[in-house]
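Asker: Below is the sequence, then the predicted model.
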Amino acid sequence: MADARLSCETRWAARRANPFFVLELPPDATRAEIERHGARLLAMLAADVASARTCETPLGPLARDEHSVRDALAELRDPSRRLAHEWWARGLGRGAAR
Amino acid sequence: MIPIAPLVWVLIFALRAMNSGRPPSSRRSAFETVDVVTWLVFMGQAGLLSVLLALIGWGWWQFLIASWAVVVLPQWAAWRIAQPRRLRRIGLLMVAFAPRGRVAREGRRRLYEWSLGAGDSAVPEFPVTPPRPSTADTELAPADEWTTCAAALRAEARGDTALAERLVRGLTQLPDKLHAPRLVSRIGFELLAFAAFRRGDWPAVLQRASLGRGRGCQFFRLLARAHLIRDVPAPWLWLAWAAAPRRRQMRDVVKAALARPVRAGAPVDAPPARSPWNFHLRALKRAASGERIERRSLMHLARLWDGPLSTRGQAHLRARALELGVVDPEAAVRGLHAEVLEDLNALASVAVGPWPPEDGALAESVSGVLLAEAENRLYADLEPWTEPYRGAGETTIHHPLEEWDRWLTFQEGIDRIEEALGEEALATCWYGGVRLAAWNWPCRLLNLHQERAAWVCHAMFQRTAELAERVGDEEAAKVNRENAATAFRLILR
């Protein structure tokens, strides 16, 4: 039972850390927009800008650092992974807007 | 004038306290369960103490004080002074000092020693990873209320909450004939309730304290009710607190329990989201924090997913995959479908309650696949227990207490099937292998370990007979009732 709970927690955390939420971009953002925004966020984090340390997601605020931004960019560069993240982000964003 | 009444009362009290720890039979009185040696030890100790008290000039009631000091005082000091301070040697000495029958003496020693987390060479450590060869070593301790309660306390002391919970659940489902000895029901269950209290597990505190008797259990029962149901009047709780042990430690807990505001009504669940994505994430979050997830609500979620992951929904996804330049759109969509199902399966493994009746969903729909996989998993969970009894090969039988733990895990699997899929599924698994295992398992255990396994085998046979009755297998029910009676006769021997 404890393992199953842990599995649910890991899955929830993974869904919450959707790359579109980490980058605070809409699911239909273009490849160029994603790269530009990612570079800007990395620069802000390097300069230790406080507002870049957290991001607002439909599932509540989430801590953000250089690693999570780089991971998000890498995930969205893979078209099949992007498809999945886009689908989750679109669905969750739509639900939150209601 | 000789005070006859108090003397008789003391003697009856001493008799009850000194009984051997075996369940009383209808043919034997409590007097007969006290052996001669125990009597001689008691009379010797009480007599010696009486003479000492007489020498320093105490009155006629010296024998009352001596009897109380011999029968009650060492036990009280062992459990109320030495045990909370983890004084192993002193506590064991005091437990051994009081005159008791062999079973009760051994049981008390184990209960004391194991409550401090210590091991015992007479009972192997369990659960074990590699199977050990069968053994009929005569030095092995029996599996009974004493050792089961002691093993649960040891598991708590070692932080193995799952094992402790399983053993306690086994104690709650015992047949009517198996009564816990006085010390187990007064001290053992109180210590188990206290262990659950330290973990903050109030439902477990209520369950464990409800099993026991005595001031400690009564207090924990009221305290847990004050926390969970909030229907305990303050004077009752304070009265129970004043009578119970650990007053200093518990004073603030009682204050905190009574200071909690009375709940206006049952919390109302938020209505399920119409978006499967949000509902899905909310369910994962609730499961992760240990909240109750109903299978009915999980099936509602799966049916919501049937829309976005229908053939039409998948066609949209494939089109988008082509726009994004995915090399194999079919595989990408399949992966997404599998991802959702994996999440739902993780939720299904913590969900409780029955699955809702089938609504004719397609076998390949999300809800259809979820239900089929959940059913398969529930049946597969029983396979490790039923498989060894299908063939004519040898089955490894461990120590009775370890077998009891394995049996309880097996029963949990059967209960889950019944809870999730209903009585029809119970009959399916009964004739699909459970009958063979549940019937043969206690037989082989009793043949190998005899009296040492009689207590667990009685409970196992009774449970098998109950299952057989429920699925209408009269032959199995009759034979297993007879087997239960045979095992019970061995307990009394």
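Answerer: Thanks, I have it.
Asker: Quick check: which element contains B:Ala338?
Answerer: Element membership of B:Ala338, judged by DSSP states H and E, is helix B:329-348.
Asker: and that helix, what other elements does it pack with?
Answerer: Contacts defined by 3 or more Cβ pairs under 8 Å, 6 or more residues apart in numbering or on different chains; DSSP states H and E place helix B:329-348 against helix A:2-16, helix A:79-97, helix B:276-288, helix B:295-305, helix B:311-324, helix B:366-386. In short, each C-beta sits where N, CA and C put it, glycine included.
Asker: where does the stretch 51-200 of chain B have low pLDDT?
Answerer: The stretch 51-200 of chain B contains residues with pLDDT under 70 at B:57-61, B:63, B:98-103, B:118-140.
Asker: Contact residues of it facing chain A?
Answerer: Residues of the stretch 51-200 of chain B that fall close to chain A, judged by Cβ under 8 Å from any Cβ of the partner chain: B:Ala162.
Asker: Quick check, the residue in the stretch 51-200 of chain B closest to chain A?
Answerer: Nearest residue of the stretch 51-200 of chain B to chain A, counting by Cβ to the nearest Cβ: B:Ala162, 7.3 Å away.
Asker: Please identify the buried residues of the helix holding B:Ala338?
Answerer: Neighbour counts over helix B:329-348 (16 or more other Cβ atoms under 10 Å in any protein chain shown) mark B:329, B:332-333, B:336-337, B:339-341, B:343-348 as buried.
Asker: any idea which of these is closest to B:Glu466?
Answerer: B:Ala348 (27.4 Å; Cβ to Cβ).
Asker: dump the residue contacts of that closest one.
Answerer: Counting by Cβ atoms under 8 Å, 6 or more residues apart in numbering or on different chains, B:Ala348 touches B:295, B:298, B:370, B:373-374, B:377.
Asker: From those residues, pick the one nearest B:Gly170.
Answerer: B:Arg377 (23.6 Å).
Asker: check contacts around that closest one.
Answerer: Contacts for B:Arg377 were tallied using Cβ under 8 Å, 6+ apart; they are B:345, B:348-349.
Asker: how about the residues of the stretch 251-400 of chain B near chain A?
Answerer: Residues of the stretch 251-400 of chain B lying near chain A by Cβ under 8 Å from any Cβ: B:273-278, B:280-281, B:284-285, B:287-288, B:290, B:308, B:317, B:320-321, B:324-328, B:331-332, B:335-336, B:339, B:342-343, B:346-347, B:349-350.
Asker: Specify the local secondary structure of B:Val350.
Answerer: coil (DSSP: H, G, I helix; E, B strand; the rest coil).
Asker: Go ahead and confirm it touches A:Arg11.
Answerer: No. At 11.7 Å, B:Val350 does not count as touching A:Arg11 under the criterion of Cβ atoms under 8 Å.
Asker: Quick one: mean pLDDT for stretch B:236-253?
Answerer: For stretch B:236-253, mean pLDDT is 89.
Asker: Which residues does that stretch contact?
Answerer: Stretch B:236-253 has contacts (Cβ under 8 Å, 6+ apart) with B:80, B:84, B:190, B:194, B:215-216, B:218-220, B:222-223, B:226, B:254, B:257-258.
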